[in-house]
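> Got a sequence here, can you model it:
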Amino acid sequence: MEHIVFLTGRLAQASLTRVLAGIEAAPFTWEVREIGLQVAALMTADMIRRRVAAPVFSEGEGEGAAPRRADRIMVPGRCRGDVEALSLHFGVPVERGPQELKDLPRHFNRSARAVDLDDYEVAIFAEIVDAPRLSVAQIVERAQQLAADGANVIDLGCLPETRFDHLAESVQALKAAGFQVSVDSSDTQELLLGGKAGADYLLSLTLDTLWIADEVAATPVLIPRVPADEASLYEAVEQMQRRGRAFLADSILDPIPFGLTASIVRYHRLRERFPDAPIMLGVGNLTELTEADTSGINAVLFGIAAELNVAAVLTTQVSQHARRAVSEADWARRIMHAAARNATLPKGMSDALMTVHAKHPFPDTPEEIGEIASQVRDPNFRVQISPLGLHVYNRDGMRLAQGAFELWPQLQLQDDADHAFYMGVELARAEIAWQLGKRYVQDQPLDWGCAAPRATEDLARWCAPGTTMKTSKKNSAAEADATSSSTTTAPSPS
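Reported below is the predicted structural model:
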């Protein structure tokens, strides 16, 4: 059985031991080793190299037992420095754990499951709904943004009674830039023009306009004459099958409360009638016309798409509340594809669609926070949250409240503008996290999943000095060796 040595600091040692002891049927043996610093988050690769002798052996289990060499070393999730170099130094893999030690059970569970989210089957058509009002350059720029969010096909939406004189030029410019293109119009002349200009797909042809497919090479997306006219859609599908032509079939998803359930049933009947036909599902009538967080709507719709074996989804991001719809769709299709492929629930694979709430928002109990606080001997403020509220503590004791303004008089920072500003930011984050039930980690931005872009942090680089530090960091290793008494804030202990 693999033996793992977990490196940590004094404040987190007891908590880490309890978490590891609580992992049922762990597929490894373990040892917790405190390497002589107070805050685990301040651990660095250089410090580990200096303080941990190589090779790493555990203490013998029982009297007379020989020490056992570690098979793996796990360091705190925010440990900075080159862990690959540490692996070479110690001769065994050195890995960062999760950001919070309470997430270790989930961390090992995910590693064991090894769910691949790189794969997907559903193509995303992202519509530029106001294309006639944009210049060619603006259309290409918008397409680049949509593709970066995950779109596979750029859909040019034509507007009723609005001239689109640069339609052909726009299609050609997008094709020259390497994009797949679809043209979406109710005007047969615009569809013909787009197809002749090189569009890959045409949205949307009915049984009455199916002749357009004979005029151009573009793949048609077939729809019924009206949503309830399933017979006309079936006939269009059968005609395309007889011709041996590629197509997509779309039963039209209706908005709430104007027939959503009935339209889902129509999609199900379409799949039953044509088991192998490629289906398109347009989700904009739900994401755009329902004032609710679109991440959850996309999760459900892409789950339906996975069950129906849908080939493509058409989405838009027009309304401000739907401005991340393409990115959400990209995550949703990957998660639901993995769930369907592995015949498992879409849980424990990614937190990307958990934009407002967290599954485990309060990793530490008030009692555990109090235990850590009792060990603190410096003036630096630590901030944590629990179901009871915001906990702020240092050597002078614990403060507990449910809002930043309640805590402010207790901090005595009236004459220290830098740290008053810092604590204001941190307490505001903590209050929002506590109110919503989100994870809060001191000195880290709140995680909004795929709803807001978040820069990837390079932990192999040394952390830049904080903007409210009174003295600059002259030596990163020295800073980590001892908590500085020149500041009034410090990272959380884990």
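> and the residue positioned nearest the centre of the chain, which of the three is it?
Residue closest to the average C-alpha location in the chain (C-alpha atoms, centre = their mean): residue 352, at 2.5 Å. When classified by DSSP: H, G, I helix; E, B strand; the rest coil, residue 352 comes out as coil.
> residues in contact with it?
The neighbours of residue 352, taking C-beta atoms under 8 Å, 6 or more residues apart in numbering as the test, are 331, 335, 449, 450. C-beta: built from backbone N, CA, C; applies to glycine.
> for the stretch 251-400 of the chain, what spans make up the helices?
Taking DSSP state H, counting those that start in this stretch as the test, the helices found in the stretch 251-400 of the chain are 260-273, 284-287, 294-308, 325-342, 366-373.
> Now do the first one and helix 294-308, the angle between them.
An angle of 30 degrees separates the directions of helix 260-273 and helix 294-308 when computed by axes from the mean of the first three to the mean of the last three C-alpha atoms, to 10 degrees.
> Looking at the contacts of residue 352, which one is closest to residue 369?
Distance to residue 369, by C-beta to C-beta, is smallest for residue 449 among these, at 25.6 Å.
> and the gap between residue 368 and residue 16?
Counting by C-beta to C-beta, to the nearest Å, the gap from residue 368 to residue 16 is 11 Å.
> Neighbour count for those two, which is higher?
residue 16 (25 against 16; other C-beta atoms under 10 Å).
> Excluding sequence neighbours, find me the nearest residue to residue 40.
residue 9 (3.8 Å; C-beta to C-beta, 6 or more residues apart in numbering).
> Who are the contact partners of that neighbour?
Residue 9 touches 34, 35, 37, 38, 39, 40, 41, 42, 43, 76, 493, counting by C-beta under 8 Å, 6+ apart.
> and the gap between it and residue 441?
16 Å.
> try residue 393
According to C-beta to C-beta, residue 393 stands 16 Å off from residue 441.
> tell me which helix or strand of this protein sits lowest on mean pLDDT?
Lowest on mean pLDDT, DSSP states H and E among the helices and strands of the chain sits helix 476-481, with a mean of 39.
> Tell me which other helices or strands the helix or strand harbouring residue 221 touches.
Using DSSP states H and E, the element containing residue 221 is strand 219-222. Using 3 or more C-beta pairs under 8 Å, 6 or more residues apart in numbering; DSSP states H and E, the elements in contact with strand 219-222 are strand 201-205, helix 230-243, strand 248-249.
> Strand partners (parallel or antiparallel) of it?
strand 201-205 (parallel), strand 248-249 (parallel) (DSSP bridges).
> okay if I get those strands as CSV plus mean neighbour count?
Converted to CSV, these look like this (neighbours: other C-beta atoms under 10 Å):
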stretch, mean neighbour count
strand 201-205, 24
strand 248-249, 25
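> okay if I get these as a markdown table plus mean pLDDT?
Output for those, formatted as a markdown table (pLDDT from 0 to 100):
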| stretch | mean pLDDT |
| --- | --- |
| strand 201-205 | 96 |
| strand 248-249 | 98 |
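> Quick one, which of those strands gets closest to residue 411.
strand 201-205 (58.7 Å).
> Show me what the closest one is in contact with.
By C-beta under 8 Å, 6+ apart, strand 201-205 touches 125, 153, 155, 180-186, 191, 194-195, 212-213, 216, 218-223, 236, 248, 250, 314.
> Dump that strand to CSV, keeping only the CA atoms.
Taking C-alpha atoms only, strand 201-205 is exported to CSV below (Å, rounded to 0.1, in the frame of the first residue of the first chain):
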residue,chain,number,x,y,z
TYR,A,201,-25.0,25.3,-42.2
LEU,A,202,-28.3,27.0,-43.0
LEU,A,203,-30.9,27.7,-40.3
SER,A,204,-33.7,27.0,-40.7
LEU,A,205,-35.4,25.1,-43.6
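> which of the residues in the first helix or strand past it going along the chain are buried?
Using DSSP H and E, the helix or strand that follows strand 201-205 in sequence is helix 212-215. Buried residues in helix 212-215, counted by 16 or more other C-beta atoms under 10 Å: 212, 213.
> That's all I had, so thanks and see you.
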